[in-house]
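Next come a sequence and a model predicted from it.
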Amino acid sequence: EQTLKIVKDLKENATITYFDLTSRFSEPAGGAGAMSPKDLLDRYANISPKVHVRLIDPDKNPEIARAAGVKTYGTAVVQVADRKEDAKSLSEEGITGALIRVTKTGTRMVCFTTGSGEPQIDESDATGLSFFKQFLAKDGYGAKSIALLQKPEVPSDCSVLVVAGPTSDYRQAEVDVIKKYVE
């Protein structure tokens, strides 16, 4: 149901490119009764004329696979305009999840709490999280610090709130803000 809604509501063209050996395109994946990669992806194309499917054999077209950053067989890449996202799996859940992530406008933001001795996202020492911040950026996420005592709310642009190992207890006002966000 969710897949139908997301695919029918596409405002831009989407291309799903599947990279594997040609012989595996029509092979059922996952055993008896399973659908082949081609059949699964064709279902998306049949829902909306905005969805285009490409089946690429990296051995026959290594330059296309290299340009897409594909390193393993069985990889599906969903692209809308200049935004690309690898599907986490070759399943309806994996493909639809990638469609959701690639069509979501704006930068997804990960917010890190500060003020109670948490590691900082801009510090590169042994306790800092700058490496994690760089990793998030490669996956299309922004990262910022928020001080819940200074402004007792989680900003609306936060997709995720990270409480990264505080060394002192939170005050009740901070706990209340986090509880409200989780609820």
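Here it is on my side, so go on.

List the contacts of Asn13.
If a contact means Cβ atoms under 8 Å, 6 or more residues apart in numbering, then Asn13 has 50-52, 80 as its contacts. Placement of C-beta: from N, CA and C, glycine included.

Can you add secondary structure, neighbour count and distance to Ser116 and give these back as TSV?
As requested, the contacts of Asn13 are arranged in TSV below (DSSP: H, G, I helix; E, B strand; the rest coil; neighbours: other Cβ atoms under 10 Å; distance: Cβ to Cβ, whole Å):
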residue	secondary structure	neighbour count	distance to Ser116
Lys50	coil	17	47
Val51	strand	21	47
His52	strand	15	49
Val80	strand	20	40
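
Next, format those as CSV and append distance to Val163 and pLDDT.
Written out in CSV, the entries for those read as follows (distance: Cβ to Cβ, whole Å; pLDDT from 0 to 100):
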residue, distance to Val163, pLDDT
Lys50, 40, 95
Val51, 39, 95
His52, 42, 96
Val80, 33, 90
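
Save these as a markdown table, and put in distance to Glu27 too.
Below are these laid out as a markdown table (distance: Cβ to Cβ, whole Å):
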| residue | distance to Glu27 |
| --- | --- |
| Lys50 | 27 |
| Val51 | 22 |
| His52 | 22 |
| Val80 | 28 |
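
center of this protein, which residue is that?
With distances taken as Cα atoms, centre = their mean, the chain has Arg101 as the residue nearest its mean C-alpha position (5.1 Å).
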